[in-house]
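# Pasting a predicted model and its sequence here:
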Amino acid sequence: MNGAESIVHTLLKSGVDACFANPGTSEMHFVAALDRIAGMHCVLGLHENIVTGMADGYYRLAGKPACTLLHCGPGLANGLANLHNARRARSGIVNIVGDQATYHRPLDPPLTADTEGMARCVSSWVRTSSLSSDVGCDAAAAVQAAHVMPGQIATLIVPSDVSWNDGGILGEPLGIPHAPVIDPFAVQNAARVLRASKNVLLLLAGRALLGPSQALAWRVAQAAGAAIMVDFVSAQVARGRGRLQIERVPYGTDQAVEALKRFEHIILVNAKAPVGFLAYPGKPSTQYPSSAQVHVLSHFYEDAGAALAALVDELDAPAVPMPDPGPRPGIAAGAPTPERLAQTVAALMPENTIVADESISYGRGFYRHTHAAPAHDWLHLGGGAIGGGMPMATGAAIGSRGERRVIGLQADGSAMYSVQSLWTQARERLPVTTILLNNRKYNILIGEYQGVGATPGPTAMSMLDLGNPDLDWVKIANGLGVEAARTTTMEGCADLMTQSFRRPGPFVIELMI
């Protein structure tokens, strides 16, 4: 057994059975091992940022890490933006990164890079293997590191001779680390605040936003008269009928300050105290009142469900039914607007849909119009690096074994960062319906221009414009093997959505907005 074979056998034995890959020359022995050893679902991405974004989406739905296969330092660099998103989303990923042979690296060949340095900026665990006999154990340690609560990125760098040399040894799977024990004093303090104070906010993030934890948070809020909100940067939210009708802290600083101004106490459940996505001249960085007291019930690396269950017990909060969101909305008509699109998505989405949202500025108000949709999971970019939506949708479809419909709400500018995702969707025949929101501009940046108080002129506006020439998304999708159609009305969008949901593979709806 060579080193590469020992890695593949160890990954499989450790429960890692999906590999998102864009391999190069230094990884050929790893590719050969994947060819010889059964059990790994290998998915090709045509750019490393597609590969890392797919691994992020996969983890959120599968609940376990996949591995990526990246080509040396430059390949890792190509995948850094979506590894940044994955790190902020707390997704577990095992990166396998090729490198120069140990005896060749000192000669400084062209692909030589500070691969460890690049890996450390997005990874919680980094190791470079130096012996074929050790790399199997290194792989087992990487998988264990990726499982650290709630999930983190582990990067294993494998020089090519470590892959091809004989002497590989199977690494035994290592135990999955347990979450730290909840601090009883944090629970008691939160209970004290809830009993004694008015205007208390429970701010939820991370796994506090999954279904069971939401039900516990609702019991706490009802017993104590507290409000609940979602951290704006939340990776995954269980939504729709049977879930809470809660809104995110607004993106805009002014709106966020207004939404939070009444709260005297904020209890954080796997969240951090609200701060602006960006800084703006003359505006505060923190969005909550300076007089408000912030309390931590659970940190992001702790078990939100256990913390909320302990708080329910401390308050003796009775079981209460989840609120009824009212009737499911009907299909909207007329010209597209954010409200009409959200209403139509809620009217038509199948039960248990996954929504991968990179609608950017267009979709900030989608929540309030989709509460009465069937139960679904809503995925957001974890770190704000655009280009994550289409790979995330692709990985989520694979993570759910192709059994759940994925709806991608996708802005046109950010879609061009990772358009190759469509090719992988076609190759894997994934049930992904992408609603491509085409306004032919970087609309979010026009808003940010105003936010910082700058006055755009013709040069600035030309840099924010995606026309001249216009992007033709029907032709782009078709060229990547995906069926597509364009529409300018909500009636047309509804008809295309309905048709796409009957198809087993991907479909792109270019919605002119």
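That came through, no problem. Numbering: from 1, shown residues only.

# going forward, measure contacts and count neighbours with C-alpha atoms only.
Fine.

# State the helix or strand in which residue 174 lies.
Counting by DSSP states H and E, no helix or strand carries residue 174.

# check contacts around it.
By CA atoms under 8 Å, 6 or more residues apart in numbering, the contact set of residue 174 is 14, 140-141, 144.

# Next, count neighbours for residue 37.
For residue 37, the neighbour count with other CA atoms under 10 Å is 12.

# Report the residue spans of this structure with pLDDT below the cut-off.
Scanning the chain for pLDDT under 70 picks out the ranges 441-452.

# And for it, the residue most distant from the center?
residue 107 (39.4 Å; CA atoms, centre = their mean).

# What distance do you get for it to residue 75?
With distances taken as CA to CA, to the nearest Å, residue 107 is found 20 Å from residue 75.

# Could you do residue 270 as well?
33 Å.

# Compare these two (neighbour count), which wins?
With neighbours defined as other CA under 10 Å, residue 270 and residue 75 compare such that residue 270 has more, 24 against 21.

# Let me see the contact set for the residue nearest to the more buried one when sequence neighbours are not counted.
Excluding the flanking residues, the one nearest residue 270 by CA to CA, 6 or more residues apart in numbering is residue 300, at 4.1 Å. By CA under 8 Å, 6+ apart, residue 300 lies in contact with 150, 205-206, 269-271.

# can I get those in TSV with distance to residue 340 and secondary structure?
Formatted as TSV, the contacts of residue 300 follow (distance: CA to CA, whole Å; DSSP: H, G, I helix; E, B strand; the rest coil):
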residue	distance to residue 340	secondary structure
150	36	coil
205	28	coil
206	29	helix
269	33	strand
270	33	coil
271	31	coil
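
# Need these in TSV (columns: distance to residue 471).
Listed next are the contacts of residue 300 as TSV, based on distance: CA to CA, whole Å:
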residue	distance to residue 471
150	39
205	36
206	36
269	43
270	40
271	39
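
# ok, back up a step: quick one, phi/psi of the residue nearest to residue 270?
When quoted as degrees, to the nearest 10, the phi and psi of residue 300 stand at phi -60, psi -30.

# do you know how far it is from residue 311?
Applying CA to CA to residue 300 and residue 311 gives a distance of 17 Å.

# And for residue 170?
In terms of CA to CA, residue 170 sits 44 Å off from residue 311.

# go on, residue 32?
52 Å.

# who has more neighbours, those two?
Neighbours were counted for residue 32 and for residue 311 using other CA under 10 Å; residue 311 has more, 24 against 13.

# which residue packs closest to the more buried one, ignoring adjacent ones?
Leaving aside its sequence neighbours, residue 311 sits nearest to residue 187 (CA to CA, 6+ apart; 5.7 Å).

# In which helix or strand does that neighbour reside?
In this assignment (DSSP H and E), residue 187 forms part of helix 184-196.

# Determine how far that helix lies from the middle of the whole chain.
Put simply, helix 184-196 sits 32 Å off its chain's centre (CA atoms, centre = their mean, to the nearest Å).

# CA-only coordinates of that helix in PDB, if you can.
Presented in PDB, the C-alpha positions along helix 184-196 are these (Å, rounded to 0.1, in the frame of the first residue of the first chain):
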ATOM      1  CA  PRO A 184     -24.300  26.100  34.600                       C
ATOM      2  CA  PHE A 185     -23.600  29.600  35.700                       C
ATOM      3  CA  ALA A 186     -24.300  30.900  32.200                       C
ATOM      4  CA  VAL A 187     -27.700  29.100  32.300                       C
ATOM      5  CA  GLN A 188     -28.500  30.500  35.700                       C
ATOM      6  CA  ASN A 189     -27.500  34.000  34.700                       C
ATOM      7  CA  ALA A 190     -29.700  33.900  31.600                       C
ATOM      8  CA  ALA A 191     -32.600  32.600  33.700                       C
ATOM      9  CA  ARG A 192     -32.100  35.500  36.200                       C
ATOM     10  CA  VAL A 193     -32.100  38.100  33.400                       C
ATOM     11  CA  LEU A 194     -35.200  36.600  31.800                       C
ATOM     12  CA  ARG A 195     -37.100  36.500  35.100                       C
ATOM     13  CA  ALA A 196     -36.100  40.000  36.300                       C
END
